[in-house]
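K.L.:
Predicted coordinates and the sequence they were generated for:
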Amino acid sequence: MRRALHLIVLILSLAMVPALPAFAVQPDEVLDDAGLESRARLISQRLRCPVCQGENIDESNAPISRDLRLFVRERLVAGDSDSEVVDNVVDRFGEFVLFDPRPTGSNLILWLAGPLMALIAAALAFRFLRGRNQVGPEVASLDADEQHRLDEIMRGK
Amino acid sequence: MIAEFGHFALILAFMVSIYQMTVPMVGAAKGWHGWMDSARPAALAQLVLMAISFGALTIAFVTSDFSVLLVYENSHTSKPLIYKISGVWGNHEGSMLLWVLILALFGAAAALFGGNLPPSLRARVLGVQSSISAAFYAFIIFTSNPFWRVGNPAFDGRDLNPLLQDPGLAFHPPFLYLGYVGLSMAFSFAVAALIEGRVDAAWARWVRPWTLAAWVFLTVGIALGSWWAYYELGWGGFWFWDPVENASFMPWLLAAALLHSAIVVEKREALKSWTILLAIMAFGFSLIGTFIVRSGVITSVHSFANDPERGVFILAILAVFVGGALTLYAFRAADMTAKGVFAPLSREGALVLNNVLLAVAAFVVFIGTIWPLVAEMVWGRVLSVGPPFFNQAFTPFMIVLALALPLGSIMPWKRASLSRSWKPLRGALTLTAAVMVLVYAVSTGRSGLAVIGAGLGSWLVFGAIADLWLRTGSSGIGRLLRLPRADWGKAVAHSGLGITFIAVSLIQAWQVEDVRVAQIDEPFRVGAYDLVLRSVERVDGPNYLSQMGVIEASRDGRAVATLTPEKRVYPVQAMPTTEASIDYGFWRDLYVVLGDEQPGGGWAVRTYVKPFANWIWGGSIIMALGGLISLTDRRYRVAAGAARSSGADTVPAE
């Protein structure tokens, strides 16, 4: 899938990287159990093909992705939970293959940056809005001369 | 000879841009009218020179002049004409030439239509705009020159990547660039205003159409790219959260924020310094996007190291312009005093919330995009950030945005009351609830995604209708038609957003997929459709060879469509591609891909039923249309007309 974008990179950049046609999941890989198969698909979409340009293994044509897809299905059939399967793959290939980085260590910054920034922005906005509300009246009231002049205008002079 | 002509025009344009970035600025500082006014002919001259330069490169591509290195590397005589033309920008050098052509186009447009600008502001806007041009001219001439010749021309070229030989992608970059570069106008106006030390309602009225136009172009460009990915890449995905996509999405979000905050400046003379900052950031993110795409730094650290010159050059441009503008901002922002007074619960307050949500959402996309780079450089962690992260981190902001939008957009300026603003929306709320019940009833045993997404989207659409209804009051259809175009544009754009919301959630929740080995003449069923593979034939295209499957689809015994998915090979680049065959429909797309011939007989076939697929791009186009309608609002035309008459008055007086 990153291939998609990679191609848009291509149009904008110089490098010509060959891309293969997409026919990721082969018919012989599909599990008979629809429930297990749909779990396998969801897990596959979270795992990155280790040798491709940012595709997940569900969409990749690389042989290693096929092996990983088969491995994921094998583990699911053996009764592993989703997180056990993912842990197993990450243990072998490292966290690079995980598309949603674990919220541990320095990755906490990544996960918390959005909520934290939202809080800061909300606080700033709130302060600003209160400040806007408390500014004195937009126009000071008229003094006697101005009031007199206004009355004249209103009378049509 | 023609290539040299283009090369020469490019260098001349560079010279003119250096003149235009200095002389009018000095004139504006000293109050010399002649110096200031010389910016206008200079801007027009740049456009003419760039048109010549770009035209020359186009001629080289169309005539297949393989003595030009770029043409040799990216074209081929047997390529269809349209892709010879789109091949001009289907590569790094040519796309940069398109970039500066569009910069020159916007500069010339500002010179032509900027008649009502105060002379000093106009001179400064054109000066800043030209300094951006100058930086990119230098970038092209010194690192990415498209006009280099080769000594011994080859007999034929290496052809354009076949996946790029596609009508959707042919026009994707020009629209995207019109958007990116359009934001340079907002940037130039912001920097010019900082130099002048003055931001008022009139300034916002000048800036807003440029921002709106840039946003419309970005919307169309992103929609085209997404549509291309959908039909070309063979699994019907439409958004991938790839760094390159994010590079265009961040400016889009910030441009959306900017065109809303500029409304507050225009109507209420508040949020001035924030609007200036947004204008700087929006174009800054366009440059960051360019940097990401050009340098390849995000896709791979190594590709950056292989060709650091271009990446460093763009990084320097980014540092100078954004850094310079922010420094100027730090000195001058305090001068931008707000006038309008309003309660937190008001249209102004709602637009502040809009800006908070859009800006933070853009920030989340930014963090996710650069995180792999940061993690590797700082902690040595090699990791990936992909769709699962963005779906979780980005979506909440869009949900809050959709919830608040109809209410916020119906609130009056200055001070609103929650109970009174709710009143006109009760009908919309009822209809939304009805849609949610309907969706729930249709989608048995699925997640809440369909119900929530369709609900939010319907809420936006019905809310927009309620807004128009409220404005019409009881005066009937005549008043409805006479509403300002800005009101219509707002309602149309917000409905478009709602339609996209509905589509994105329903296609994900309701899609049906089928992967199988199909035997010839043996029917199979996908969702409500019966399909049968009739044959697979060999077909020769103009510059490719193809195996074409013929699949007949029917529903309840009635023929629906004959689909012809292909597997192509482009011999020049020795590259295979899949061409999905799609039966487009209002409610659903039927999407078929042909795979390999199986050893045991039959062919691998993948079929999808994709409900509401067209609504994704339909909604985007409606959004863009809303922007266009708003752009034709009377107040902009009146301003332009006033400029013409006042210009005629003042010229003899000088």
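P.N.:
Structure received.

K.L.:
For the helix or strand B:Gln20 falls within, list every residue counted as buried.
P.N.:
Using DSSP states H and E, B:Gln20 sits within helix B:2-30. With burial defined by 16 or more other Cβ atoms under 10 Å in any protein chain shown, the residues of helix B:2-30 counted as buried are B:2-3, B:6-7, B:9-10, B:12-14, B:16-21, B:23-25, B:27-28. Using the backbone N, CA and C atoms, a C-beta is placed for each residue, glycine as well.

K.L.:
With stretch B:402-411 instead?
P.N.:
B:Ala402, B:Leu405, B:Pro406, B:Leu407, B:Gly408, B:Ser409, B:Ile410, B:Met411.

K.L.:
what residue is smack in the middle of chain A?
P.N.:
In chain A, the C-alpha nearest the mean C-alpha coordinate belongs to A:Asp100, at 8.9 Å (Cα atoms, centre = their mean).

K.L.:
Tell me who's in contact with the closest residue to it other than its chain neighbours.
P.N.:
Closest residue to A:Asp100 apart from its sequence neighbours, by Cβ to Cβ, 6 or more residues apart in numbering or on different chains: B:Pro388 at 3.6 Å. Taking Cβ atoms under 8 Å, 6 or more residues apart in numbering or on different chains as the criterion, B:Pro388 is in contact with A:Gln45, A:Arg46, A:Phe99, A:Asp100.

K.L.:
now do B:Ile59
P.N.:
Applying Cβ under 8 Å, 6+ apart to B:Ile59 gives the contacts B:Ile2, B:Asp65.

K.L.:
Quick one: low-confidence residue ranges for chain A.
P.N.:
In the predicted model, chain A carries pLDDT under 70 at residues A:1-23, A:134-142, A:156-157.

K.L.:
Could you chop it up by domain?
P.N.:
Using automatic domain parsing, the domain parsing of chain A gives A:2-97, A:107-155.

K.L.:
between these, which one is nearest to chain B?
P.N.:
Proximity to chain B, assessed across the domains of chain A by Cβ to the nearest Cβ, is greatest for domain A:2-97 (3.0 Å).

K.L.:
And the helix or strand that contains B:Glu537, what does it pack against?
P.N.:
In this assignment (DSSP H and E), B:Glu537 forms part of strand B:529-540. Helices and strands in packing contact with strand B:529-540 are listed as strand B:512-518, strand B:524-526, strand B:545-555, strand B:588-597, strand B:603-611; criterion 3 or more Cβ pairs under 8 Å, 6 or more residues apart in numbering or on different chains; DSSP states H and E.

K.L.:
mind listing what's buried in the fourth one?
P.N.:
It stands for strand B:588-597. Neighbour counts over strand B:588-597 (16+ other Cβ under 10 Å) mark B:Arg588, B:Asp589, B:Leu590, B:Tyr591, B:Val592, B:Val593, B:Leu594, B:Gly595 as buried.

K.L.:
With the third one instead?
P.N.:
Within strand B:545-555, the residues that count as buried by 16+ other Cβ under 10 Å are B:Ser546, B:Gln547, B:Met548, B:Gly549, B:Val550, B:Ile551, B:Glu552, B:Ala553.

K.L.:
cool, the second one as well?
P.N.:
Neighbour counts over strand B:524-526 (16+ other Cβ under 10 Å) mark B:Phe524, B:Val526 as buried.

K.L.:
ok, and the closest non-adjacent residue to B:Trp252?
P.N.:
Distances taken as Cβ to Cβ, 6+ apart place B:Leu218 nearest to B:Trp252, at 4.7 Å, with adjacent residues excluded.

K.L.:
Counting neighbours, what do you get for B:Arg294?
P.N.:
If you count neighbours by other Cβ atoms under 10 Å in any protein chain shown, B:Arg294 ends up with 25.

K.L.:
Past the lengthiest helix in chain A, which element shows up next along the chain?
P.N.:
Ranked by number of residues, the top helix in chain A under DSSP state H is helix A:107-134. Sequence-wise, the next helix or strand beyond helix A:107-134 is helix A:144-155, with elements assigned using DSSP H and E.

K.L.:
now that following helix, how far from the chain's geometric center?
P.N.:
Per Cα atoms, centre = their mean, to the nearest Å, the displacement of helix A:144-155 from the mean C-alpha position of its chain is 62 Å.

K.L.:
can you list the residues of the stretch 501-650 of chain B near chain A?
P.N.:
Those residues of the stretch 501-650 of chain B that sit near chain A, judged by Cβ under 8 Å from any Cβ of the partner chain, are B:515-517, B:567, B:573, B:575-578, B:593, B:595-596, B:598, B:604, B:606.

K.L.:
which stretches of the stretch 251-400 of chain B form helices?
P.N.:
B:272-295, B:301-306, B:308-318, B:324-332, B:347-379, B:387-410 (DSSP state H, counting those that start in this stretch).

K.L.:
Quick check: B:Leu212 touching B:Ile629?
P.N.:
No - contact between B:Leu212 and B:Ile629 fails when scored by Cβ atoms under 8 Å: they sit 10.2 Å apart.

K.L.:
higher neighbour count, those two?
P.N.:
When neighbours are counted by other Cβ under 10 Å, B:Leu212 and B:Ile629 differ, and B:Leu212 comes out ahead with 25 against 18.

K.L.:
The more buried one: what's it in contact with?
P.N.:
B:Leu212 touches B:Leu259, B:Gly627, B:Ser630, B:Leu631, counting by Cβ under 8 Å, 6+ apart.

K.L.:
And for the third one, nearest residue in space, chain neighbours not counted?
P.N.:
The one in question is B:Ser630. The shortest distance from B:Ser630 to any residue other than its chain neighbours is 2.7 Å, reached at B:Gly489 (Cβ to Cβ, 6+ apart).

K.L.:
same check, this time on the last one
P.N.:
The spatial neighbour of B:Leu631 that comes closest, neighbours along the chain excluded (Cβ to Cβ, 6+ apart), is B:Leu212 at 5.3 Å.

K.L.:
Enumerate every residue touching the residue lying closest to B:Phe394 once chain neighbours are set aside.
P.N.:
Counting by Cβ to Cβ, 6+ apart, B:Val364 is the residue found nearest to B:Phe394 once chain neighbours are left out, at 5.4 Å. Contacts were defined as Cβ under 8 Å, 6+ apart; by that measure B:Val364 touches A:Ala113, A:Gly114, A:Met117, B:Phe390, B:Ala393, B:Phe394, B:Phe397.

K.L.:
Repeat the analysis, applying 7 Å as the threshold.
P.N.:
By Cβ atoms under 7 Å, 6 or more residues apart in numbering or on different chains, the contact set of B:Val364 is A:Gly114, B:Ala393, B:Phe394.

K.L.:
before we move on, the earlier item: and the angle for the longest helix of chain A with helix B:387-410?
P.N.:
Relative orientation of helix A:107-134 and helix B:387-410, computed by axes from the mean of the first three to the mean of the last three Cα atoms, to 10 degrees: 10 degrees.

K.L.:
Helix A:107-134: which residues count as buried?
P.N.:
Neighbour-count burial for helix A:107-134 flags A:Asn107, A:Leu110, A:Trp111, A:Ala113, A:Gly114, A:Met117, A:Ala118, A:Ala121, A:Ala125, A:Phe128, A:Leu129, A:Arg132 (criterion: 16+ other Cβ under 10 Å).

K.L.:
near chain B too, which of the residues you listed?
P.N.:
With Cβ under 7 Å from any Cβ of the partner chain as the criterion, the subset of those in contact with chain B comprises A:Leu110, A:Ala113, A:Gly114, A:Met117, A:Ala118, A:Ala121, A:Ala125, A:Leu129, A:Arg132.

K.L.:
so when I look at B:Pro412, I'm seeing a strand, right?
P.N.:
No - under DSSP: H, G, I helix; E, B strand; the rest coil, B:Pro412 sits outside any strand and is assigned coil.

K.L.:
Mark which of the residues of the stretch 501-650 of chain B next to chain A are buried, thanks.
P.N.:
Taking 16+ other Cβ under 10 Å as the criterion, what is buried in those is B:515-517, B:567, B:573, B:575-578, B:593, B:595, B:604, B:606.
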